[in-house]
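Trainee: Here you go, sequence then predicted model.
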Amino acid sequence: MLAVARIAGIMAAKRTAELIPLCHPVRLDAVKVDLSLGESCIDVRAQASARDRTGVEMEALTAACIAALTIYDMCKSADRAMVIEYVRLEEKAGGKSGHYRRPAAAGEP
């Protein structure tokens, strides 16, 4: 199941410009989607990189969201009350806005 979600995330990152209006196509060098099982959750983390002079945060966020939705789709028969939460940008380098690192917030994993 996790392997299927990982592939779905990678495929989605490559098609971000088709999925999000006005998002320009980016020539990706790499997309990495990591999934880890917790006690009552699955942690999804995605990274994307490109040589283009732009950030690829939308590609990474799309990869993470589609991987999570794929897990939901495969597990919905067991639990339709699942929740996808805490989708957020942790760190970004490149592009016009430069480097960004999300500050730690109280109460979030």
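Mentor: Sure, I can see it. Residues are numbered from 1 along each chain as shown.
Trainee: quick one: the residue nearest to the spatial centre of the chain and residue 34, what's the gap?
Mentor: Geometric centre of the chain, nearest residue: residue 64, 2.1 Å, by Cα atoms, centre = their mean. Counting by Cβ to Cβ, to the nearest Å, the separation of residue 64 from residue 34 is 10 Å. From N, CA and C alone the C-beta is placed, and that goes for glycine too.
Trainee: Mutual contacts of these two, please.
Mentor: 44-46 (Cβ atoms under 8 Å, 6 or more residues apart in numbering).
Trainee: Residue 79: which of these is nearest?
Mentor: residue 44 (16.7 Å; Cβ to Cβ).
Trainee: which phi and psi does that closest one have?
Mentor: phi -120, psi 120 (degrees, to the nearest 10).
Trainee: if we can go back for a sec, and the residue nearest to the centre of the chain, what helix or strand is that in?
Mentor: Element membership of residue 64 [criterion: DSSP states H and E] is helix 57-75.
Trainee: Which strands and helices lie in contact with that helix?
Mentor: Helix 57-75 sits against helix 2-14, helix 16-19, strand 28-37, strand 42-50, with contacts defined as 3 or more Cβ pairs under 8 Å, 6 or more residues apart in numbering; DSSP states H and E.
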